[in-house]
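**Q** Give me a model of this one.
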Amino acid sequence: MIAEQLLPEFDHEMASTRTVLSLVTDEYAAWKPHDKSYTMGELALHIANLLTWTRMTLTKSEYDLNPPDGSDAPTRSYTTSTDLLEVFDANVKDARDAIASTSDEEFMKPWTLKNGGRTVFTQPRAGVLRSFLFNHVYHHRGQMTVYLRLRDVPLPMVYGPTADTRM
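**A** Take a look at the predicted model:
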């Protein structure tokens, strides 16, 4: 089953992501490394909220980032580090449940990302989860480790020892 192949990676990577997000403090939430960058709080919340795309990807056939009718998805703002982890944990649980309950047939159905009514890409849902969703989380988690390093926060192991975890 496809879900059985995805879930071990999902569980491992979400545990690592939670460890990184747990280092985001309210003290640094408004800090950003460059004027064009997210603040640390915005980046952290983006990481936490990316997981909401899991259920949508597995239950809908498409999503438009900028729908021609102008409707928008609701947005959240960073509030506290405690709230951040609660949001992340709830989204991980929902995403995991969605993956675990999806049949192989549903994983292979096409899903389309649009922008202003124009197709950006179409892939099987399983591919969207791996390439667009999971890798998106990992990419931003990597950015977060740079943010944290720039604030002199000791970094945890993600794929191996860091300069802060070497014995």
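**Q** got the contact list for the closest residue to Leu7 other than its chain neighbours?
**A** If the residues on either side of it in the chain are set aside, Leu7 comes closest to Ile99, at 6.1 Å by C-beta to C-beta, 6 or more residues apart in numbering. All C-beta atoms are positioned from the backbone trio N, CA, C, and that covers glycine. The contact partners of Ile99, taken as C-beta atoms under 8 Å, 6 or more residues apart in numbering, are 3, 6-7, 10, 54, 58, 129.
**Q** Can you go through those residues and name the buried ones?
**A** 3, 6, 10, 54, 58, 129 (16 or more other C-beta atoms under 10 Å).
**Q** From these, which land in helices?
**A** 3, 6, 10, 54, 58 (DSSP state H).
**Q** What segments of the chain are helices?
**A** Taking DSSP H as the criterion, the chain contains helices spanning 2-21, 40-50, 52-59, 81-100, 104-107, 125-127, 135-150.
**Q** Figure out which of these is closest to Gly117.
**A** helix 52-59 (17.9 Å; C-beta to C-beta).
**Q** Just the buried residues of the closest one, please?
**A** Under 16+ other C-beta under 10 Å, the buried positions of helix 52-59 are 52-55, 57-58.
**Q** what two of those are the furthest from one another?
**A** Top of the distance list for the buried residues of helix 52-59 (C-beta to C-beta): Thr52 and Leu58, 11.6 Å.
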